[in-house]
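Asks: Sequence first, predicted model second:
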Amino acid sequence: MDGMRHILALLLVFALGAHTLPAHAQAPATGQAPATIQVQSQIVLLDVTVTDAQGKPVTDLRQDEFRITESKVPQTVVSFEPPSAHRMPATAEAGNPIVNSTADLAKIGEAPVTLLVLDELNTGFFDRDFARTRTIAWLKRQPAVLPQPTALLAINDRNLHLLRDYTQDRAALLDVLNKHTGDVQWRQEGNADSSSTQENMGAVLAALEELAQATRGILGRKNILWVGIGFPSVAISDLNRTDADAVNVNLRYLVDLMMQARVTLSVIGPGLSASETNLFNSTLGSGGTQTQADQTQTDTNMSALDNGSGVLKFSQLATSSGGHNYAARNDIDAEIGRSVDEGANYYTLSYRPTDHSGDPRVYRRILVTVTRPGLSVQTRDGYYRQQQQQNLSAKDSTRQVAFDLNNAAVSTIAFTDLHVAAERAGPGQFTLHATARDLGWHDLPDGRRHADIVLMAACLNVNGKLLSKTVATLGSNTDATLASINLSAAALPMHVVPPPGTARIRFVVRDMVSGRVGTADIKP
């Protein structure tokens, strides 16, 4: 048993990016809408959905109708955006698709996006096939041009895979789903103490971190719809003190990373068993509208992490992010539709916490209510205050940088926290263009400004296998003012000789101050 506990702790540490110390705060790019808790400015940003007793979004509330408390202390709303501020551009609403890849997301401002994740790692074959069938059924009921850009992904033994990049083309998603059957997995055990369950948990948590890191540069809300069970409850209460501290630090990091990225997770668990098809009286299975009472019971059925028992449940991540938990349902197409609809109609509120204490171990419970009666409010239930940037040891810093680079290099997802483009400058010569405002500039004694950057070029074959990688560190200096930097790009040269069989070169750029990561792909 002691061996299993140690495996669990190690898996959590490495699955969550080997963050042996609390991650440094991530500053937003100047000129962009804030998308994170900023320790420096003491701002907490919340995306909030409000529904009526029939579960329909309410979009006409005013700022003075909202109330926010943090740890039961009233807070003052300092900024407010109604759902109309997050609409898709008029051309998209008129039925003209404008998004067909990650690169097109810059055209939609703060409009939300959806990421559908098919859990093929933890969900049994029959439930997995049922989930795919009901997802197809939901798509078929949508217009030919989806109102919300949607990406399709799957997680299995080989990691998280992008099946289709962001698109508004319903037919493109249907084509992928109809052809995708998924892999038969062997690591599907219900015993929370088994090594396979713990490995699956590590893979799921790593996938969530990858999604949050990759999408942090997308301005609007990201709605992750996890179609599957995630992982079974895992007991961590009997870990030794050192391992338990490491687990807690890394879980705090993941919760806040999801908040920084404006990620909302909803878990949609399929269930075919006759005893589980309806855990409560709901009309959704027959195409009706889910009531507020239905939703309350749904979220209760998959309770959040019980700190008293020390049991880690996947549903806790959904609760903390402001999403829903739909357990063992046979109407998952309706739940997907509800989650997408809610995610498209959200308010954005911000406040400055009145409590300035900095203990990162304390979970700051958030409660948002409205004065208009009969409405239900859904948002994040709290956060951990990240500490100011700390000086990592050389070993820890090197390990962190290596993890970030290698993770982004082999991922099939575009990382957007730095906006990067690549072009060929000659044989074996490439130039990367990184938006200068995304980088962490600091003043030099001579009045110039300096940014430290590390680059990686990963050569991959047609199956995504890594053939070679090249790493370089650069220092960029400029005499430009901050206003000029906001309008410019940093040109970063790199020499790469692709080996035979290279089908794609992925360039990874990481800012050494903020930890932001961006990627760009090019054919050799």
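Replies: Thanks, I have it.
Asks: Residue 445 and residue 439, how far apart?
Replies: 20 Å (Cβ to Cβ, to the nearest Å). Yep, even glycine has a C-beta here, placed from its N, CA and C like the rest.
Asks: the more surrounded of those two?
Replies: Using other Cβ atoms under 10 Å as the criterion, residue 445 and residue 439 rank with residue 439 on top: 26 against 5.
Asks: The more buried one reaches residue 449, doesn't it?
Replies: No. If you go by Cβ atoms under 8 Å, residue 439 and residue 449 don't touch, sitting 9.5 Å apart.
Asks: With adjacent residues omitted, what lies nearest to residue 412?
Replies: residue 162 (4.1 Å; Cβ to Cβ, 6 or more residues apart in numbering).
Asks: contacting residues around that neighbour?
Replies: Residues near residue 162 by Cβ atoms under 8 Å, 6 or more residues apart in numbering: 151, 152, 153, 412, 413.
Asks: Could you write me a PyMOL select line covering just the buried ones among these?
Replies: Burial among the contacts of residue 162 is assessed by 16 or more other Cβ atoms under 10 Å; the matching PyMOL selection reads:
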select buried, resi 151+152+153+412+413
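Asks: Out of the contacts of residue 162, which sit inside strands?
Replies: Residues from the contacts of residue 162 lying in strands, with DSSP state E as the criterion: 151, 152, 153.
Asks: mind listing what the last one touches?
Replies: Meaning residue 153. For residue 153, the contacting residues are 115, 116, 117, 118, 160, 161, 162, 163, 211, 413, by Cβ under 8 Å, 6+ apart.
Asks: Could you work out the most separated pair of the residues you listed?
Replies: Spatial extent of the contacts of residue 153 (Cβ to Cβ) is set by the pair 118 and 413 at 14.6 Å.
Asks: my read: residue 75 touches residue 43, true?
Replies: No. The pair residue 75 / residue 43 is not scored as a contact, 11.2 Å apart, by Cβ under 8 Å.
Asks: could you pull out the helices for this protein?
Replies: Applying DSSP state H to the chain gives helices spanning 2-15, 90-93, 125-140, 170-179, 195-215, 241-260, 292-301, 315-321, 332-344, 394-410, 482-485.
Asks: Between these, which one is closest to residue 470.
Replies: The stretch from those with the least distance to residue 470 (Cβ to Cβ) is helix 394-410; that distance is 10.5 Å.
Asks: quick one: that closest one to chain centroid distance?
Replies: 19 Å (Cα atoms, centre = their mean, to the nearest Å).
Asks: Excluding covalently adjacent residues, which one is nearest to residue 107?
Replies: Spatially, and ignoring its direct neighbours in sequence, residue 107 is nearest to residue 98 (5.3 Å; Cβ to Cβ, 6+ apart).
Asks: Look up how far residue 512 lies from the residue nearest to residue 462 when sequence neighbours are not counted.
Replies: The spatial neighbour of residue 462 that comes closest, neighbours along the chain excluded (Cβ to Cβ, 6+ apart), is residue 503 at 4.3 Å. Residue 503 sits 30 Å away from residue 512, going by Cβ to Cβ.
Asks: Residue 235 now?
Replies: Using Cβ to Cβ, we find residue 235 at a distance of 38 Å from residue 512.
Asks: how much space between the residue nearest to residue 107 and residue 104?
Replies: From residue 98 over to residue 104 (counting by Cβ to Cβ), the distance is 6 Å.
Asks: Kindly report the same for residue 164.
Replies: From residue 164 over to residue 104 the distance is 14 Å, taken as Cβ to Cβ.
Asks: Would you map out the domains in this structure?
Replies: For the chain, the structural domains run 2-384, 394-522, going by automatic domain parsing.
Asks: May I see the ones you listed organised as CSV, with mean pLDDT added?
Replies: As requested, the domains of the chain are exported to CSV (pLDDT from 0 to 100):
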stretch, mean pLDDT
domain 2-384, 77
domain 394-522, 87
